[in-house]
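Visitor: just to be clear, the model below is a prediction. Sequence and coordinates:
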Amino acid sequence: MAEAIPDLKKYDSIENSHYVFKDSYTYFSKNILKAVGICIGFPNWKSDLPIFESYSMPFVICNPNNESLEFCEAIKIKGVKLLEWLAYMKSQNVANFYINPKWVLPITQMPDSKTGTCLNDKGESVPMISWSDVIAQGNTLKGPMKSDEPYFAVCRIEIPNEHEVISSLLSSKYRPSIIYIRWSESPDESQVHCEAAGHLQTCGYRLLCVNSGFYMYQYTGADMYSCCSWTDPSMAHPFVQLMTEQVEGFLNPPKSEDKSEETKTDISSQ
């Protein structure tokens, strides 16, 4: 069963703000207690504040390109003392957002299914980290409240090789409930991004909205790959079957009984 589309809202006070759920607690339900989020790439930290505040869960910022360094340093230094942290947020004109600095962890590693190192945008070598280890780091931010089975709830991706990140994520066992992704090229114009976006939606994600260059996807569980066999020669692509059913339903809508005609017949027979 596909989940209902949740109500969304936007923070007009923040430029290029993301849409977020109006009621994230109801959407995540009991999972909110064990939820963690991951940001990949971090060029515009202020635009991410609505995500951090609204979803109220620990976030690990995978920042291999070392972006928004001032904010990352403030997390480490000023985040230790609440008054210093609040003063920093006020100096940045975002004091209306309450962000728990102890629930935000910037790291330089890049999440991937592989191990070793990769090159960032500056040509520097950075270590890779598994998706499981990133989630585990987010879970430890909760301290005594940490869960035995942390839940990957939100993933925000804003990095030039975003199609490779999506490929790595979908090849893992994780399916975050919500994905925000800024495609560096339109999926309708670039073949590489078309395949990445198509793969994402075929794996069960539904596009909710497009705003400020970000595509917001919701996981519905309707994974087209899991409903068919790729070893059966007679098996058609599930999208073909789905589209066929939709076209047939449009051309041949179910007939409903016309009570007015029945009434006319009854009157004329009297």
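Guide: Perfect, I can see it now. Numbering: from 1, shown residues only.
Visitor: what segments of the stretch 101-250 of the chain are helices?
Guide: Under the criterion DSSP state H, counting those that start in this stretch, the stretch 101-250 of the chain contains helices at 131-140, 162-170, 191-202, 238-251.
Visitor: distance to residue 51 for the ones you listed - can I get that in JSON lines?
Guide: No exception for glycine: its C-beta is placed from N, CA and C like everyone else's. Converted to JSON lines, the helices of the stretch 101-250 of the chain look like this (distance: least, C-beta to C-beta, whole Å):
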{"stretch": "helix 131-140", "distance to residue 51": "14"}
{"stretch": "helix 162-170", "distance to residue 51": "17"}
{"stretch": "helix 191-202", "distance to residue 51": "19"}
{"stretch": "helix 238-251", "distance to residue 51": "31"}
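Visitor: all strands of the chain, in order?
Guide: Counting by DSSP state E, residue ranges of the strands within the chain are 8-10, 19-21, 35-40, 59-62, 104-107, 110-111, 117-119, 125-129, 151-157, 178-182, 205-211, 214-219.
Visitor: okay, which residue is most central for the chain?
Guide: Most central in the chain under C-alpha atoms, centre = their mean is residue 179, positioned 1.0 Å from the mean C-alpha point.
Visitor: that residue contacts residue 207, correct?
Guide: No. Using C-beta atoms under 8 Å, residue 179 is not in contact with residue 207; the gap is 10.0 Å.
Visitor: what residues do these two have in common as contacts?
Guide: 216-217 (C-beta atoms under 8 Å, 6 or more residues apart in numbering).
Visitor: can you tell me the closest non-neighbouring residue to residue 96?
Guide: Spatially, and ignoring its direct neighbours in sequence, residue 96 is nearest to residue 13 (7.0 Å; C-beta to C-beta, 6 or more residues apart in numbering).
Visitor: do you know the pLDDT at the one you found?
Guide: On pLDDT, residue 13 comes in at 79.
Visitor: just to revisit the earlier point, dump the residue contacts of the residue nearest to the centre of the chain.
Guide: Counted by C-beta under 8 Å, 6+ apart, residue 179 has contacts 154-157, 200, 205, 216-217, 219.
Visitor: of those residues, which is the nearest to residue 44?
Guide: Closest approach to residue 44 among the contacts of residue 179 (C-beta to C-beta): residue 156, at 11.0 Å.
Visitor: so the closest one is in contact with residue 48, correct?
Guide: Yes. Residue 156 is within contact range of residue 48, at 6.6 Å (criterion: C-beta under 8 Å).
Visitor: show me the domain layout of this protein.
Guide: 8-227, 238-269 (automatic domain parsing).
Visitor: looking at the ones you listed, which is buried most?
Guide: A comparison of these by mean neighbour count, using mean count of other C-beta atoms under 10 Å, puts domain 8-227 on top with a mean of 17.
Visitor: so how far is residue 66 from the nearest residue to residue 166 once chain neighbours are set aside?
Guide: In space, and not counting its chain neighbours, residue 166 is closest to residue 196: 5.1 Å by C-beta to C-beta, 6+ apart. Distance, residue 196 to residue 66, using C-beta to C-beta, to the nearest Å: 25 Å.
Visitor: do residue 34 as well
Guide: 30 Å.
Visitor: do the same with residue 45
Guide: Distance from residue 45 to residue 66, by C-beta to C-beta: 13 Å.
Visitor: then residue 134?
Guide: Counting by C-beta to C-beta - residue 134 and residue 66 are separated by 17 Å.
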